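Colleague: Predicted structure and sequence below. I'll ask about it afterward.
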Amino acid sequence: MDTKIIRTDPEHIDPAAMREAGRILKEGGLVAFPTETVYGLGGNALDERASGKIYAAKGRPSDNPLIVHIAETDALFQIIEEVPKKAMAMAEAFWPGPLTMIFRKNDKVPLATTGGLSSVAVRMPSHPVALALIREGGGFVAAPSANTSGRPSPTTADHVKEDLSGKIDMILDGGPVGIGLESTIVDFTEETPTILRPGYINREMMEKVIGPVRTDPGLIAADSAVRPKAPGMKYRHYAPKAEMTVVEGEEKAVQEKIRQLAAEKIRQGLRVGIIATDESAPFYPEGIVKSIGARSCEESIARHLYSVLREFDQCGADCIFSEAFDTPQMGRAIMNRLLKAAGHHKIQA
Ligand code: AMP
Ligand code: MG
């Protein structure tokens with residue numbers, strides 16, 4: 001299959017391009033598109049054949065449900081049984097935006113979209129290209145991240161091309177994304193709303209709106225027997241090909257530890273990658289040193305995380321050492337992705 005790539009300026013959306021992309025969705029095809037979090041791979045969420053194509057293109061395990069993207073709050077009432085009051089307050093505070101909420105679904109949503117679950121995850125993204133596409137495509141767009149399953153999520157159209165060219169109908173190239181990490185997922189089928197995946201919108205921000213929010217125990221106890229409730233969180237995900245280690249501790253001690261570990265591996269003849277920051281990069285004398293962003297600007301760290309992992313694949317690193325990034329707002333989200341990339345391999349400096 002030929003994958004058509006169309007550049008779309010988010011500030012000046014071309015209505016003809018959007019109509020063409022919308023028609024593909026309505027006919028059961030697949031279109032990758034930018035959102036404010038990462039690029040999504042869209043198909044009609046109410047068409048089980050389209051959902052099937054998404055799983056096939058990504059090589060995604062069929063028990064890993066898709067998030068349904070909507071462009072108006074009204075659409076929510078068409079696909080779920082009941083909207084809890086707290087969820088409405090969350091929608092008012094954070095939609096459109098990087099927040100996904102899970103509800104009990106009605107029959108309109110096929111089980112093929114929800115990985116067989118009776119619940120459905122819903123998000124209203126804020127990216128203008130995403131909103132225009134959802135409206136043109138019928139209002140309900142199932143869209144996981146537009147990467148091959150197991151690879152880092154795509155934050156540019158080139159990343160999508162690398163993974164899915166020839167497997168999908170169209171890529172809308174709206175430039176690099178803003179946030180760079182997938183949405184926060186909160187489950188409203190539980191007594192107390194529960195975070196299943198940390199993201200840009202953190203627990204404190206949500207608690208200001210709806211009071212107590214808990215974190216899925218399966219998220220924190222990553223290597224225990226407790227299973228995360230979001231099926232997707234159990235897979236080794238976001239993974240670069242190299243073996244990766246995250247080094248935690250006081251900043252200077254971390255740098256010293258990484259310098260030592262890198263020197264040892266280089267002596268053994270290995271290609272060593274180091275994930276540093278703008279501030280720390282000059283302190284590493286050897287290895288392939290890449291800055292993930294400025295430690296003083298957590299947005300820059302989130303935005304570059306996945307592209308740095310992809311770059312290390314391309315330069316053929318055998319092992320990667322990364323600093324830890326315990327930043328104020330997105331620290332939990334950044335560390336969640338980084339530790340998953342590392343297969344939870346971390347050491348203390
Ligand atoms: P992605 O689309 O790649 O961002 O992944 C979507 C994430 O949402 C995966 O971790 C899924 O397991 C999770 N998810 C989607 N729908 C549900 C649901 N109904 N219940 C629990 N987790 C869900
Ligand atoms: Mg994904």
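Modeller: The structure has been received and is ready for your questions. Ligands and ions are numbered 1, 2, ... in the order given.
Colleague: From now on I want contacts and neighbour counts done on CA atoms only, so please keep to that.
Modeller: Noted.
Colleague: Give me the neighbour count for the closest residue to ligand 1 within the stretch 1-150 of the chain.
Modeller: Nearest residue of the stretch 1-150 of the chain to ligand 1, counting by CA to the nearest ligand atom: Pro144, 2.9 Å away. Applying other CA atoms under 10 Å, we find 26 residues neighbouring Pro144.
Colleague: just checking, what packs against the host helix or strand of Leu25?
Modeller: Assigned by DSSP states H and E, Leu25 belongs to helix 15-26. Contact analysis of helix 15-26 by 3 or more CA pairs under 8 Å, 6 or more residues apart in numbering; DSSP states H and E lists strand 31-33, strand 40-44, helix 128-136 as its packing neighbours.
Colleague: try it again with 6 Å
Modeller: Applying 3 or more CA pairs under 6 Å, 6 or more residues apart in numbering; DSSP states H and E, we find helix 15-26 packed against helix 128-136.
Colleague: Can you name the residues that contact the residue sitting furthest away from the middle of the chain?
Modeller: Distance from the centre of the chain peaks at Arg267, with 36.0 Å (CA atoms, centre = their mean). If a contact means CA atoms under 6 Å, 6 or more residues apart in numbering, then Arg267 has no contacts.
Colleague: For it, give me the backbone phi and psi.
Modeller: phi -60, psi -30 (degrees, to the nearest 10).
Colleague: How about the contacts made by Leu111?
Modeller: By CA under 6 Å, 6+ apart, the contact set of Leu111 is empty.
Colleague: Extract the C-alpha trace of the helix holding Leu25 and format it as CSV.
Modeller: What follows is helix 15-26, C-alpha atoms only, in CSV (Å, rounded to 0.1, in the frame of the first residue of the first chain):
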residue,chain,number,x,y,z
PRO,A,15,-10.0,21.9,4.5
ALA,A,16,-9.6,19.8,1.3
ALA,A,17,-6.8,17.7,2.9
MET,A,18,-9.0,17.2,6.0
ARG,A,19,-11.9,16.1,3.9
GLU,A,20,-9.7,13.6,2.1
ALA,A,21,-8.4,12.2,5.4
GLY,A,22,-11.9,12.1,6.9
ARG,A,23,-13.1,10.1,3.9
ILE,A,24,-10.4,7.5,4.4
LEU,A,25,-11.6,7.1,8.0
LYS,A,26,-15.2,6.8,7.0
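Colleague: So Ala276 sits against Ile288, correct?
Modeller: No. Under the criterion of CA atoms under 6 Å, Ala276 makes no contact with Ile288, lying 10.1 Å away.
Colleague: of these two, who's got more company?
Modeller: With neighbours defined as other CA under 10 Å, Ala276 and Ile288 compare such that Ala276 has more, 25 against 16.
Colleague: Quick check: nearest residue in space to that one, chain neighbours excluded?
Modeller: The shortest distance from Ala276 to any non-neighbouring residue, by CA to CA, 6 or more residues apart in numbering, is to Ser291 (4.7 Å).
Colleague: Find the nearest non-adjacent residue to Thr189, please.
Modeller: That would be Phe103: by CA to CA, 6+ apart, it lies 5.6 Å from Thr189.
Colleague: Contact residues of the stretch 101-250 of the chain facing ligand 1?
Modeller: Within the stretch 101-250 of the chain, the positions adjacent to ligand 1 are 102, 114, 117, 119-121, 143-145, 182, 229-233 by CA under 6 Å from any ligand atom.
Colleague: my guess is Ile5 contacts Ile171, does it?
Modeller: Yes. Judged on CA under 6 Å, Ile5 makes contact with Ile171 at a distance of 4.8 Å.
Colleague: Please say which of those two ends up with more neighbours.
Modeller: Neighbours were counted for Ile5 and for Ile171 using other CA under 10 Å; Ile171 has more, 29 against 16.
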